[in-house]
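Student: Mind folding the following:
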Amino acid sequence: MFSVIFPGQGSQVIGMGKEFFEKYSLVKNLFEQADDALGIPISKIILEGPKEELDQTVNTQPAIFLVSYSIFQVMNKEFNIDFNQAKYFAGHSLGEYSALSSANYLDFTETIKLLKIRGQAMQNAVPKGQGGMLAVFGSTVEIIETILKENENNFVAEIANDNSDGQVVLSGNNNDLVKLIEVLKSKSIKNIKLPVSAPFHCKLMKKATEIMKNEIEKKNFLDSKNILISNVTAKEILNKEELKKLLIDQIENRVRWRESVVNMIGKGVNHFIEIGPGKVLSGLIKRIDKNVKINTINNESDIKDLKI
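Tutor: Next up, the predicted model:
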């Protein structure tokens, strides 16, 4: 039994999806539709760069979605892979939008427009340079939560991503993160500041939540038989109204990726197919459960090697 999963921000690289773009007219058409919908040459930014432009959140989010969705469509329409057999669709942060569009809850153009707004809103929620994110290694969510509780009068930080056993990401004000780093250092807990310009998935994203609430509530989500797993609850999303609410909540809430994977495995999933640039999620899943089968789809040969 397999689940389809989609990566989030950080997986972008110049030239991603190029092989599919050059070979398949359906991908060229999607890239053209994206340029028209966004009013910017996102195709050129993806295929040629520069890196600084691709790495801007407002571009990164639609770009990763476009590549993930394009590969999914090639698998479906050119290789006749029946994704209706998938037990679940899931994605990490922005990857949740790749999942919901691929699962037919929102059409391609609506999704990519929404992600441009999401990227802008998240980027502008906190003045540049004021907030950041910190990856912590070799610890547990419980230990980190205890450290945050013990130091709540000294600094404020929040768990943004519970990624896997031994990898937790925190968000907060940069001044608070400096204090947190000192505490982690005193406990010999490894950490690294991430190269992001905003503190995602924490209460500092309040302004972004307000913008996205307004945008998401206006959208006409569709009915689909495909089942999504929510980042916020790590559980199945029951209907499109709940989906809207959870997408709004996702902006300020923890991405419960480890729990999502554990829950999917608990429901019988023994095979994960990661569709999109990079192989970040595959690496995380290996840390969570070494026994499940994982395929990462970055190019055509990956599709040819896939056995479901």
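
Student: any idea how far the residue lying closest to residue 19 once chain neighbours are set aside is from residue 277?
Tutor: In space, and not counting its chain neighbours, residue 19 is closest to residue 299: 5.3 Å by Cβ to Cβ, 6 or more residues apart in numbering. C-beta here means a position set from N, CA and C on the backbone, and glycine is covered the same way. As for residue 299, its distance to residue 277 is 10 Å (criterion: Cβ to Cβ, to the nearest Å).

Student: anything in contact with each of the two?
Tutor: Residues touching both residue 299 and residue 277 by Cβ atoms under 8 Å, 6 or more residues apart in numbering: none at all.

Student: Looking at those two now, which is surrounded by more residues?
Tutor: It is residue 277, of residue 299 and residue 277, that has more neighbours when counted by other Cβ atoms under 10 Å, with 23 against 13.

Student: circling back: can you pull the pLDDT of the residue nearest to residue 19?
Tutor: Residue 299 carries a pLDDT value of 96.

Student: In this structure it contacts residue 21, no?
Tutor: No: the pair residue 299 / residue 21 is not scored as a contact, 11.7 Å apart, by Cβ atoms under 8 Å.

Student: Okay, helices next: where are they in the chain?
Tutor: With helices called from DSSP state H, the chain shows them at 18-23, 25-38, 42-48, 51-54, 57-77, 95-102, 108-124, 141-150, 174-186, 206-218, 240-250, 257-266, 280-288, 300-305.

Student: CSV for those, including mean neighbour count and distance to residue 226?
Tutor: Formatted as CSV, these follow (neighbours: other Cβ atoms under 10 Å; distance: least, Cβ to Cβ, whole Å):
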stretch, mean neighbour count, distance to residue 226
helix 18-23, 16, 22
helix 25-38, 17, 20
helix 42-48, 19, 26
helix 51-54, 15, 30
helix 57-77, 24, 12
helix 95-102, 27, 8
helix 108-124, 20, 15
helix 141-150, 14, 29
helix 174-186, 16, 38
helix 206-218, 16, 19
helix 240-250, 18, 11
helix 257-266, 20, 14
helix 280-288, 19, 18
helix 300-305, 13, 20
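
Student: so which of these comes closest to residue 167?
Tutor: Among those, helix 280-288 comes nearest to residue 167, with 6.9 Å by Cβ to Cβ.

Student: quick one: contacts for residue 142?
Tutor: By Cβ under 8 Å, 6+ apart, residue 142 has no neighbours at all.

Student: what's the distance between the nearest residue to residue 11 once chain neighbours are set aside and residue 297?
Tutor: Closest residue to residue 11 apart from its sequence neighbours, by Cβ to Cβ, 6+ apart: residue 278 at 3.6 Å. Distance from residue 278 to residue 297, counting by Cβ to Cβ: 11 Å.

Student: which of these two has more neighbours?
Tutor: residue 297 (23 against 18).

Student: how about the nearest residue to that one, chain neighbours excluded?
Tutor: Using Cβ to Cβ, 6+ apart, the closest residue to residue 297 is residue 275 (4.8 Å).

Student: What is the neighbour count of the one you found?
Tutor: The number of residues packed near residue 275 is 30, by other Cβ under 10 Å.

Student: Contacts only, for it.
Tutor: 4, 5, 6, 68, 71, 72, 75, 98, 102, 297.
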